[in-house]
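Asks: Here's a sequence, model it:
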Amino acid sequence: AEGLSEFDLAGWSFGAIVAFDMAQALAGNTLFKELILIDAFAPGAVPDQILTYGEQEILNEISPLLDEAQFMLEEGGSAVEQLCRLGMSKGVSREEIERIIDVFNHHMIAYRKLDQKYRDAVPDSKVSQATLIYTRETQNYGPEQELLGWGRLVEDVHQTISEGTHREMIASSEVIDQLR
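Replies: Down below sits the predicted model:
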């Protein structure tokens, strides 16, 4: 298309799986240049403990965002109710907490669907190359898998291991330098 320039696709965490799926759809497009995968298992290689996230995992993911280091469920209340009380005590409305939980739940539904799409079948044409940046924390999270499973779906994977955690690494020098 006239006036369009070359572009890269990058995705962090679940976004890496979305970026990969988009790259598959763009196969053969001469404007698409590079796929950058940031701290994510390949679809079809996502550890089961991630795919089965429930209320407790929602709390574990969201409570740090509310500056609560040691959030524990109290007896007698659901995880959602506990999180709403915690959020409201930090000045976040119940509606906002419920919206965050709803987004998280929809995110997990999409995550499971894309994982299943590639679990049993390898696409006819692989993405030719990608850059994978991941943390040791992620590498140690799931079963031993070379390149977090991406080698099955991408012909040539260039990898960089970053220090820190999943949340911290998005601001790491390795990621920032790659995205420039």
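Asks: Helices of the chain, residue ranges please.
Replies: 14-25, 48-51, 55-62, 79-89, 94-119, 136-141, 173-179 (DSSP state H).
Asks: Kindly format the C-alpha coordinates of the last one as PDB.
Replies: Backbone C-alpha positions of helix 173-179 (Å, rounded to 0.1, in the frame of the first residue of the first chain) are rendered in PDB as follows:
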ATOM      1  CA  SER A 173      17.900  -2.200  29.100                       C
ATOM      2  CA  GLU A 174      17.700  -5.400  26.900                       C
ATOM      3  CA  VAL A 175      14.100  -4.700  26.100                       C
ATOM      4  CA  ILE A 176      14.500  -0.900  25.700                       C
ATOM      5  CA  ASP A 177      17.500  -1.400  23.400                       C
ATOM      6  CA  GLN A 178      15.600  -3.900  21.200                       C
ATOM      7  CA  LEU A 179      12.600  -1.700  20.800                       C
END
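Asks: roughly how far is it from the heart of the chain?
Replies: Centroid separation for helix 173-179 versus its chain: 17 Å, with Cα atoms, centre = their mean, to the nearest Å.
Asks: buried stuff in that helix?
Replies: Neighbour counts using 16 or more other Cβ atoms under 10 Å place Glu174, Val175, Gln178 of helix 173-179 among the buried residues. C-beta here means a position set from N, CA and C on the backbone, and glycine is covered the same way.
Asks: Need the contact partners of it.
Replies: For helix 173-179, the surrounding residues in contact (Cβ atoms under 8 Å, 6 or more residues apart in numbering) are Ala10, Trp12, Ile36, Ile38, Thr131, Ile133, Thr160, Ser162, Met169.
Asks: How about the fourth one, nearest residue that isn't a chain neighbour?
Replies: This points to Ile38. The shortest distance from Ile38 to any non-neighbouring residue, by Cβ to Cβ, 6 or more residues apart in numbering, is to Trp12 (4.0 Å).
Asks: same question, the first one
Replies: Taking Cβ to Cβ, 6+ apart, and ignoring the residues beside it in sequence, Ala10 has Ile36 as its nearest neighbour in space, at 3.8 Å.
Asks: Out of the helices and strands in this structure, which is least certain?
Replies: Least confident helix or strand of the chain, by mean pLDDT, DSSP states H and E, is helix 55-62 with a mean of 65.
Asks: What backbone torsions are found at the closest residue to Arg119 other than its chain neighbours?
Replies: Closest residue in space to Arg119, ignoring its immediate chain neighbours: Gly44 at 4.1 Å, by Cβ to Cβ, 6+ apart. The phi and psi torsions at Gly44 (degrees, to the nearest 10) take the values phi 90, psi -10.
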